[in-house]
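Visitor: Here is the input, now give the coordinates:
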Amino acid sequence: MRKAEIEGALGAQLDWEPLEEKQACRIRLARSGTVQESEKHGELLEWLIEAYLAVLRVFRPIVGGLDPALWERRKEATESVGEPEGGEG
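Guide: Down below sits the predicted model:
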């Protein structure tokens, strides 16, 4: 699945930030609003939950189809530097 297909499946435009010297991007789904706008908390929370579920639905098959060797390399790299404080990352 490519950028246009992913955005089409999500029904939203994403921000794609290429990571230097890697075949990867940081992907961001954003909307306007801040936690200081207490009158919008319900609306923002509803959007967050819907966006989270949509991202899982679209990306889970993509990530699940990656070469298992990639996960092993990530695990080995994480073990060599340790997990970030506060749990897995």
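Visitor: Count the neighbours of residue 37 for me.
Guide: 11 (other Cβ atoms under 10 Å). Quick note: C-beta positions are derived from backbone N, CA and C, even for glycine.
Visitor: oh, I was asking about residue 16
Guide: Taking other Cβ under 10 Å as the definition, residue 16 ends up with a neighbour count of 12.
Visitor: With adjacent residues omitted, what lies nearest to residue 17?
Guide: residue 26 (4.3 Å; Cβ to Cβ, 6 or more residues apart in numbering).
Visitor: quick one: residue 39 from residue 63, how far?
Guide: Separation of residue 39 from residue 63 (Cβ to Cβ, to the nearest Å) stands at 36 Å.
Visitor: before we move on, what about residue 29?
Guide: Counting by Cβ to Cβ - residue 29 and residue 63 are separated by 16 Å.
Visitor: Just want to know which of these two has more residues nearby.
Guide: Neighbours per residue (other Cβ under 10 Å) separate residue 29 from residue 63, with residue 29 holding more: 16 against 10.
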